[in-house]
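>>> okay, sequence plus prediction incoming.
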Amino acid sequence: MPKNLVITCLFNFLIAALMGLMLRYFYVNPIAINYRFLTHAHSHVAMLGWAYLVLYCFFVHYFVPEQKSVYSKLFWLTQITVIGMMISFPIQGYAAISISFSTLHIFCSYYFVYRIWNDLQIKNSLVKQLVKASLLFMVISTIGVWCLGPAVGLLGQASAFYQIAIQFFLNFQFNGWFLLAVLAIACHQLKIQPSESAKVFFKYLVLATILTFALPIQWFASHPLLYWVNGLGILLQLVSLYYFIKIIKHKFQTFKAETSMLVIRMYQFSLGCFIIKNSLQTLSIIPQFSSELFEHHNFIIGYIHLTMLGVISGFLFAFLLQSKTILPSRFISVGLSLFLLGFILTEAILFIQGAFYFLGIGLLPNYYSILFVVSILLPVSITLILISYLKQKSYGTQTT
């Protein structure tokens, strides 16, 4: 992949991590920032500047053999929208300028889907289904964004309509577009062939993605039927996970014999996080836990970071290493080790504190200070990876 595109994606990830660190520092020593505005900037840059753009690059790299200049031009136009959101959201939150840039990003994503849908050349039917389903979920997720304006105008930001619209966007971005996209690339890299088990995995995964949206709806528009819909979605998700493990198990053994240990470790980490993510979602079938889940934001933040950093970013780093876009080195190994350590420690603290709140125990001693200190590892790790990659590029030790 073009190195300047990868550098841009890593830079966006670093900025998102630094914004996240500032959010953690705010609770240690309040600073002159608007916390809510910076939260919007952090989430948009992480999702749209890091995950979206790296997946964009991989989709074009692997699934469009005759790459056209339009994809490079569209990448940079999309990056301009990310920079616009990076600057405007911390200053004004959701307002004219930030909304304009986020809207332009949506239109860029629509054009990307239109172009790549026509240019796709994928022989493997499983990979092709996953790629197309991920792109459809990306488009579908934006319905939530278009509903925000009418929701505010008619009922206000405190309304169930507004909150469900946000959850609609997040659910189908994370569990639809991002997750199916990384699984598509993983199946491509592992050379998973179509089979009856693969068909079951794909069908149940898509159905589960749709049905488990009943849980966030339940938070704002409670109805007994939604528990059953979510429960069915969880069941299908577990069946899908079983078949996914079944179809990759043998291939992964072969893959391990042909790949460097660093790549294998990143795949194992990502797959482990994927299994944990599915296992944690299973807890939502407990009515009491399900109804109170949204009240304990540590669980929500921990789950989002588990998906974004553990599953999605873990796979993305594995793909960057396996494709030899980033070559293994001491700095890369140290950077990734610190990334994993920072992720594990922050997740442990978030979930332990969430459990404390849920059980009525209260606040962990020095909770905010400890969380801030371990969170420093994340931007430090990304900086090491970025510096190492820049050196590889400048010294010409990487292949083009």
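Right, received. Where do you want to start?
>>> from here on, just use CA atoms for contacts and neighbour counts.
Will do.
>>> SS state for Q193?
Going by DSSP: H, G, I helix; E, B strand; the rest coil, the secondary structure assigned to Q193 is coil.
>>> can you check G149 too?
Following three-state DSSP, we place G149 in the helix state.
>>> which residues does the residue nearest the centre of the chain contact?
Note on the chain: the residue nearest the mean C-alpha position is M308, at 3.4 Å, using Cα atoms, centre = their mean. If a contact means Cα atoms under 8 Å, 6 or more residues apart in numbering, then M308 has F174 as its contacts.
>>> and with 10 Å instead?
A46, M47, A51, F174, F178, L179, G302, G314 (Cα atoms under 10 Å, 6 or more residues apart in numbering).
>>> to what extent is Y94 buried, counted in neighbours?
Each residue near Y94 was counted by other Cα atoms under 10 Å, and the total is 18.
>>> which helix or strand contains the residue lying closest to it once chain neighbours are set aside?
Counting by Cα to Cα, 6 or more residues apart in numbering, Y94 lies nearest to F37, which is 7.7 Å off, once chain neighbours are set aside. Under the assignment given by DSSP states H and E, the secondary-structure element containing F37 is helix 35-44.
>>> re the thing from before, pick the one among the contacts of M308 closest to Q353.
Sorting the contacts of M308 by how near they are to Q353, with Cα to Cα, puts G302 at the top with 10.2 Å.
>>> quick one on the thing from earlier: show me what counts as buried in the next helix or strand after the helix holding F37.
Secondary structure here is assigned by DSSP H and E; on that basis, the next helix or strand after helix 35-44 toward the C-terminus is helix 52-63. Using 16 or more other Cα atoms under 10 Å as the test for burial, helix 52-63 gives Y52, L53, V54, L55, Y56, C57, F58, F59, V60, Y62, F63.
>>> ok, now stretch 344-361?
By neighbour count on 16+ other Cα under 10 Å, the buried set for stretch 344-361 is I344, T346, E347, I349, L350, F351, I352, Q353, G354, A355, Y357, F358.
>>> got the CA coordinates for it in CSV?
Written as CSV, here are the backbone C-alpha positions of stretch 344-361 (Å, rounded to 0.1, in the frame of the first residue of the first chain):
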residue,chain,number,x,y,z
ILE,A,344,-5.3,-4.7,28.7
LEU,A,345,-4.7,-2.5,31.8
THR,A,346,-7.2,0.2,30.8
GLU,A,347,-9.9,-2.5,30.0
ALA,A,348,-9.3,-4.2,33.3
ILE,A,349,-9.6,-1.0,35.3
LEU,A,350,-12.8,0.1,33.4
PHE,A,351,-14.5,-3.2,33.8
ILE,A,352,-13.5,-3.6,37.5
GLN,A,353,-14.8,-0.1,38.2
GLY,A,354,-18.0,-0.9,36.3
ALA,A,355,-18.5,-4.0,38.4
PHE,A,356,-17.9,-1.9,41.6
TYR,A,357,-20.6,0.5,40.5
PHE,A,358,-22.9,-2.3,39.6
LEU,A,359,-22.5,-4.0,43.0
GLY,A,360,-22.7,-0.7,44.8
ILE,A,361,-19.1,-0.8,46.2
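>>> now that stretch, how far from the chain's geometric center?
Computed by Cα atoms, centre = their mean, to the nearest Å, the separation of stretch 344-361 from the middle of its chain amounts to 21 Å.
>>> same thing with stretch 369-385?
Relative to where its chain is centred, stretch 369-385 has its mean C-alpha point 18 Å off (Cα atoms, centre = their mean).
>>> residues of it that come out buried?
Those buried within stretch 369-385 under the rule 16+ other Cα under 10 Å are 370-372, 374-385.
>>> show me where the stretch 151-300 of the chain has its helices.
Counting by DSSP state H, counting those that start in this stretch, residue ranges of the helices within the stretch 151-300 of the chain are 160-171, 179-189, 196-211, 214-220, 224-258, 261-282, 287-292, 297-305.
>>> wait, which of these is closest to W76?
Distances from W76 to each of those were compared by Cα to Cα, and the smallest falls on helix 179-189, at 20.9 Å.
>>> which helices and strands does the closest one pack with?
Identification of packing neighbours for helix 179-189 by 3 or more Cα pairs under 10 Å, 6 or more residues apart in numbering; DSSP states H and E yields helix 52-63, helix 125-154, helix 196-211, helix 224-258, helix 314-322.
>>> those helices: which one's closest to I83?
Nearest of the helices and strands packed on helix 179-189 to I83, taken as Cα to Cα: helix 52-63 at 12.7 Å.
>>> give the rounded mean pLDDT of that closest one.
If you average the pLDDT over helix 52-63, you get 96.
>>> enumerate every residue touching L211.
When contacts are counted by Cα under 10 Å, 6+ apart, L211 touches L205, L226, W228, V229, N230, G231, L232, G233, I234, L236, Q237.
>>> count of neighbours near Y204?
Each residue near Y204 was counted by other Cα under 10 Å, and the total is 20.
>>> distance check, it against F319.
25 Å (Cα to Cα, to the nearest Å).
>>> with R115 instead?
23 Å.
>>> with Q189 instead?
With distances taken as Cα to Cα, Q189 is found 8 Å from F319.
>>> who has more neighbours, these two?
Taking neighbours as other Cα under 10 Å, Q189 and F319 compare with F319 leading, 22 against 15.
>>> for that one, list the residues it contacts.
By Cα under 10 Å, 6+ apart, the residues touching F319 are V54, F58, V182, I185, A186, Q189, V263, M266, Y267, S313, T325, I326.
>>> mind putting these in a markdown table, distance to G156 included?
Converted to a markdown table, the contacts of F319 look like this (distance: Cα to Cα, whole Å):
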| residue | distance to G156 |
| --- | --- |
| V54 | 35 |
| F58 | 39 |
| V182 | 36 |
| I185 | 40 |
| A186 | 42 |
| Q189 | 46 |
| V263 | 48 |
| M266 | 44 |
| Y267 | 43 |
| S313 | 34 |
| T325 | 46 |
| I326 | 47 |
